[in-house]
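In: Have a look; sequence and predicted model below, questions after that.
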Amino acid sequence: IKISLEESTEMADSRYIRGRDTLSAQELEISASEFISGIARREILVGTYKDLIELEFVNPDSPWDFKLAFEDTEPILEDSDYTLYVEQLDGSQAWSSAVRVSK
């Protein structure tokens, strides 16, 4: 697999922490043998920071939706907070607000 990255500047609003870095144009190649472990990875330098490219093959017949049921079998000693965190195949992340459970 050949990947061509064009030069670009970060869009995230991190200027309060550090300046926006620039990714230089790069050509990457990933061979089929690198997928033996499931995910092929490449670290790339973006200015002074490392970024990561990950590729994996997924089953196109996999379901688009997923239902989850969870039962905590530990006794609740005091108030407990639960938060649901998910990471989608495209790397997008989401999480719920905390749900408080009391005795």
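Out: That came in fine, so what should we check first?
In: for the residue lying closest to residue 47 once chain neighbours are set aside, what are its contacts?
Out: Once flanking residues are discounted, residue 47 sits nearest to residue 21: 2.6 Å by C-beta to C-beta, 6 or more residues apart in numbering. Any C-beta I mention is one placed from the backbone N, CA and C, and that applies to glycine too. Contact analysis of residue 21 by C-beta atoms under 8 Å, 6 or more residues apart in numbering lists 9, 10, 46, 47, 48, 49.
In: Now which of those residues would you call buried?
Out: residue 10 (16 or more other C-beta atoms under 10 Å).
In: Mind checking which of the contacts of residue 21 are in strands?
Out: Using DSSP state E, the subset of those located in strands is 9, 46, 49.
In: Ramachandran coordinates for the closest residue to the last one other than its chain neighbours?
Out: Taking C-beta to C-beta, 6+ apart as the measure, residue 49 lies nearest to residue 21, with 6.2 Å between them; neighbours along the chain are not counted. When quoted as degrees, to the nearest 10, the phi and psi of residue 21 stand at phi -90, psi 160.
In: hang on, the earlier thing: and the residue nearest to residue 47, how far from residue 50?
Out: Separation of residue 21 from residue 50 (C-beta to C-beta, to the nearest Å): 11 Å.
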